[in-house]
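Participant: Here's my sequence, what's the structure:
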Amino acid sequence: RMEGWGSYTLPTGTEYRGALKDGMFHGEGELLFPNGGRYRAVWHHGVPTQGKYTFADGLEYKDKKWHYCDGYDRRFYTEICFGLKPAGISQLTNLDPPRKIPEGCYDCGDGFYNPETRVIVDYKLSFLRNA
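Facilitator: Next up, the predicted model:
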């Protein structure tokens, strides 16, 4: 079984880096998600006892007094940090500059979906899966 410091990649592409004991996450470690987010935690026999999630853009999640994208303020995090764009150049996503979406396709979160071919490609335009 895995012991000590190491890394393990799950079938979803999420990677764990940190302390392992008896084949389980145990001690300090972090999960690195394919979308760029990360969860740093202290683990006890595979269960996180305390931790912090950071989104890919650097925003740290807070479970209390969360002021990001609520019913009163719908701005993206980058708009909160750097201000709103002038009329006509408004942001459609939190990315600035936004991704270039191929014509006729849709951004589906992990790549682009082409409804004509029913194929999803990743953001580097490599085949990901059939829809």
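
Participant: can you count the residues close to residue 119?
Facilitator: A count of nearby residues for residue 119, using other CB atoms under 10 Å, gives 16. Using the backbone N, CA and C atoms, a C-beta is placed for each residue, glycine as well.

Participant: can you pull the contacts of it?
Facilitator: Under the criterion of CB atoms under 8 Å, 6 or more residues apart in numbering, the contact partners of residue 119 comprise 113, 127, 129, 130, 131.

Participant: With residue 20 instead?
Facilitator: In this structure, residue 20 makes contact with 2, 3, 4, 5, 6, 8, 26, 27, 29, judged by CB under 8 Å, 6+ apart.

Participant: Show the buried residues in the contacts of residue 119.
Facilitator: Those of the contacts of residue 119 that meet the buried threshold are residue 113, by 16 or more other CB atoms under 10 Å.

Participant: Can you lay out the contacts of residue 119 as TSV showing pLDDT?
Facilitator: Supplementary listing: those in TSV, determined by pLDDT from 0 to 100:
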residue	pLDDT
113	93
127	93
129	90
130	90
131	82
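
Participant: Take the contacts of residue 119 and keep only those in strands.
Facilitator: Counted as lying in strands by DSSP state E, out of the contacts of residue 119, are 113, 127, 129, 130.

Participant: Report the buried residues of the helix or strand hosting residue 39.
Facilitator: For residue 39, the element it lies in under DSSP states H and E is strand 38-44. Using 16+ other CB under 10 Å as the burial criterion, the residues of strand 38-44 that qualify are 38, 39, 40, 41, 43.
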